[in-house]
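Chemist: This is a predicted model, with the sequence first.
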Amino acid sequence: MALDYRKCAQDIFSHLGGKENLVSAAHCATRLRLVTVDNSKIDMKALEDVDGVKGVFSASGQIQIILGTGTVNKVYDEFLAITGLSAASKEDVKAAAAAKQPLPKRMIKTLGDIFVPIIPAIVASGFLMGIMEALTFMVGKGFIDIDTSGSLYVFANLFANTAYTFLPILIAYSAAKAFGGNPYLGAVIGMIMIHPNLVNAWSVAGMMEAGTPIPSVSVWFGLYDVNLVGYQGSVIPVIIAVWVMCFIEKRLHKIVPAMFDLFVTPLVSVFVTGYLTLSIIGPIFSFVEHNIIDGIQWLIALPLGIGSLIMGGLYSTTVVAGIHHMYTVIDMGQISQYQMTYWLPLASAANIAQGAACLAVALKARNQKTKSVAVPSAFSCFMGITEPAIFGVNLRFFKPFICGAIGGAAGAMYASLVGLAAKGTGVTGLFGLLLCLHDPINYIIMFLIASGVAFALTWMFGYKEEAPAEKKSAEPQPEAALPAIDCQPGTVYAPVSGTAIPSEEIPDETFATGVLGQGVGINPSEGVVVAPFDGEISSVTDTHHAVGVTSPDGMELLIHVGVDTVAMNGEGFQCFVQEGQQVKAGDKLIAFDRDKIAAAGHPDVVVVLVTNSDDYENLTIQPGSCKAMDQVIQVK
């Protein structure tokens, strides 16, 4: 009996806690994705019992209702008509879901939003500081003879620390954008915090040693005194101050009449925030920041490098979890407090080790596709860009990731034992050497230890191909004509060459549990999907990563390229068919870029599921190596 799409949508809506509980709705190839105000108001059990719903779960702040290809888009249209919601993009849903994430996750994401845009400025200053320090050292030792009074040297020395000197302004501007306030007002708060009428924070220690009194002022009508000291190099106080400013600014925009808003809102926002910053926020959070930095330094400096060994080993895991952006706060705080960061060498050791593990896979692999992904990913990792190596190679085979973590721990331990530190932040790997030109030998040794341990472990224990790759005179060409197939009823032919695995082994719970049907996953050796039998295209996703195909005898098939590749928004995918189109076995359906999928951190397994497998008494698969148009599924 055909599914009543409107009734299905109505039944789903009735269990969501009312229209006021809905924020937004979108869909992918198989799932209705909803963001709600309060998930506790949703009757999950009742949703699972709705006719047409194949499963319900919560992930990434979204309620995801599995309906299946060819069904979800029709139910979605009815759902919008019933609820009155407007169609939302997946980005809109993600943004709404992000706002519902737990506070710690939102804080980490916000730190990334603040620091990622200013990293180029920090990197430029860090590099130049390292170069100038090396030149000064070599001139002082007589290794080179250059004119240190010339304009090039003088100007370069001036430029070198500029980003760090005015760091609070950069952070304040970026933070105001991240918090939804006026970035120029945010910059003014940053300027207030390093105003020249305040004692430079980096001069305080010298003044105290010389016995020079630090000027102070009474605040809050004589309640207490605060020192008139700037916040050069501070991070946490600046972020908190700008958050307060944005809070005040946004509230004022709502209550101040439009004719006065242009004058009143900026004036009150800056004055109130400035006073709060210098009298309360700055002193309190500067104290908090110094204690956090001291605590981290204590951990790094534990005897025998134990603390650094632990952090170096766990660093790559935090990259996978997406929380590594918060480490910029540590780097900045340490540079402000110690004039260098001991944290960056740990991160560099971890990144270098993952690159070495990836390189071992690249050299040991005989599969040309694995090599083509692993080689550039390894060298990218050595340059400090780790995601392609970690997500595209090391995590895919898992053991290389563990070997890389061990190598990172070894390199970080050595860095701690010799007190290796960097003069700046923002880059790791090979380029990180430019931030350690005051101690290049130890950086190189750390590099060799981290990469050597990771490479050796991966080579010996971390990677082994299940079967040798067949030697071929040339890579298969996607456009090459496939043999004509006399399609047999109930037979699904491989839509792509590769290695077929049971659907239970697909690295996605929805596909693996069979709620969308039974079938196979194919780890592809090429980037083209072809029609697995004669039939009609029943659905095409707007991101071109999945299609539905129906055979003349009623078999309904979902072909889904990759896991969670809907997040790529069509980047790297090209679709050659449209809904309702008749196709012949072997016709090209989708082309996909395996390198882009790997770089985005997604498995590229091609999922092939018979979505109406419950209609058949028996479904058998043919696992193992297969070529396009080899039989992989048979139903009876």
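Modeler: That came through fine. In this text the structure is predicted, and so the values were computed from the model without any measurement.
Chemist: For the rest of this, base every contact and every neighbour count on C-alpha atoms.
Modeler: Will do.
Chemist: what does stretch 197-217 rub up against?
Modeler: When contacts are defined by Cα atoms under 8 Å, 6 or more residues apart in numbering, stretch 197-217 is touched by residues 194, 225, 226, 227, 228, 229, 230, 231, 232.
Chemist: For it, measure first residue to last.
Modeler: Using Cα to Cα, to the nearest Å, the gap from the first to the last residue of stretch 197-217 comes to 13 Å.
Chemist: could we number from 23 for the rest of this?
Modeler: Renumbered: residue one is now 23, and that last one reads stretch 219-239.
Chemist: May I see the buried residues of that stretch?
Modeler: Under the neighbour-count criterion of 16 or more other Cα atoms under 10 Å, stretch 219-239 has 220, 221, 223, 224, 226 buried.
Chemist: Please render these as JSON lines that adds distance to residue 153 and pLDDT to the earlier fields.
Modeler: Below are these laid out as JSON lines (distance: Cα to Cα, whole Å; pLDDT from 0 to 100):
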{"residue": "220", "distance to residue 153": "31", "pLDDT": "92"}
{"residue": "221", "distance to residue 153": "29", "pLDDT": "91"}
{"residue": "223", "distance to residue 153": "25", "pLDDT": "83"}
{"residue": "224", "distance to residue 153": "22", "pLDDT": "77"}
{"residue": "226", "distance to residue 153": "27", "pLDDT": "79"}
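Chemist: Can you tell me which of those residues lies closest to residue 179?
Modeler: Ranked by distance to residue 179 (Cα to Cα), these are led by residue 224 at 18.0 Å.
Chemist: Would you quantify the distance from the closest one to residue 582?
Modeler: Taking Cα to Cα, one finds residue 224 at 58 Å from residue 582.
Chemist: now do residue 274
Modeler: Taken as Cα to Cα, the span from residue 274 to residue 582 is 49 Å.
Chemist: for residue 412, same thing?
Modeler: Going from residue 412 to residue 582 by Cα to Cα gives 23 Å.
Chemist: More neighbours: the two, which one.
Modeler: Higher neighbour count among residue 412 and residue 582: residue 412, with 32 against 28, using other Cα atoms under 10 Å.
Chemist: Correct me if wrong: that one contacts residue 423.
Modeler: Yes. With contact defined as Cα atoms under 8 Å, residue 412 reaches residue 423; the gap is 6.9 Å.
Chemist: Find the residues that touch each one of those two.
Modeler: Residues touching both residue 412 and residue 423 by Cα under 8 Å, 6+ apart: residue 376.
Chemist: Restricted to strands, list the buried residues of stretch 219-239.
Modeler: Residues from the buried residues of stretch 219-239 lying in strands, with DSSP state E as the criterion: none.
Chemist: Just send those residues back as CSV, with distance to residue 531 too.
Modeler: Converted to CSV, these look like this (distance: Cα to Cα, whole Å):
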residue, distance to residue 531
220, 58
221, 58
223, 53
224, 54
226, 57
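Chemist: Can you tell me which of those residues is closest to residue 173?
Modeler: Among the buried residues of stretch 219-239, residue 224 lies closest to residue 173 (Cα to Cα), at 26.4 Å.
Chemist: picking that back up, closest to residue 432 among the buried residues of stretch 219-239?
Modeler: Among the buried residues of stretch 219-239, residue 224 lies closest to residue 432 (Cα to Cα), at 34.2 Å.
Chemist: Just the pLDDT for residue 192.
Modeler: Note for residue 192: predicted pLDDT of 92.
Chemist: ok, and it, which helix or strand is that part of?
Modeler: helix 189-201 (DSSP states H and E).
Chemist: and the residue of the chain most remote from its centre, what are its phi and psi?
Modeler: Within the chain, the residue lying farthest from the chain centre (Cα atoms, centre = their mean) is residue 233, at 49.3 Å. Phi and psi for residue 233, reported as degrees, to the nearest 10, are phi 80, psi 10.
Chemist: And for residue 552?
Modeler: According to degrees, to the nearest 10, residue 552 has phi -120, psi 170.
Chemist: And the pLDDT at it?
Modeler: In this prediction residue 552 is given a pLDDT of 93.
Chemist: so it makes contact with residue 610?
Modeler: Yes. With contact taken as Cα under 8 Å, residue 552 and residue 610 are classed as touching, separated by 4.3 Å.
Chemist: Specify which residue of the two has the higher count of neighbours.
Modeler: Taking neighbours as other Cα under 10 Å, residue 552 and residue 610 compare with residue 552 leading, 25 against 19.
Chemist: and the more buried one, what does it touch?
Modeler: Counted by Cα under 8 Å, 6+ apart, residue 552 has contacts 517, 518, 607, 608, 609, 610, 611, 612, 650.
Chemist: Could you count how many residues lie near the fifth one?
Modeler: The reference is to residue 609. 20.
Chemist: OK, contacts around it?
Modeler: When contacts are counted by Cα under 8 Å, 6+ apart, residue 609 touches 552, 553.
Chemist: how near is it to residue 597?
Modeler: Separation of residue 609 from residue 597 (Cα to Cα) stands at 12 Å.
Chemist: Contacts only, for residue 53.
Modeler: Applying Cα under 8 Å, 6+ apart to residue 53 gives the contacts 86, 87, 88, 89, 90, 94.
Chemist: partners of the second one in the sheet?
Modeler: Translated: residue 87. residue 54, residue 78 (DSSP bridges).
Chemist: Pretty sure residue 647 sits in a strand.
Modeler: Yes. Under DSSP: H, G, I helix; E, B strand; the rest coil, residue 647 falls within a strand.
Chemist: close enough to count as contact, it and residue 518?
Modeler: No. The criterion here is Cα under 8 Å, and residue 647 misses it with residue 518 at 10.9 Å.
Chemist: Who has more neighbours out of these two?
Modeler: For residue 647 versus residue 518, the count of surrounding residues by other Cα under 10 Å is larger for residue 518: 26 against 16.
Chemist: related to what we said a few turns ago, just give me the closest of the contacts of residue 53 to residue 37.
Modeler: The closest of the contacts of residue 53, once distances to residue 37 are taken by Cα to Cα, is residue 87, at 12.1 Å.
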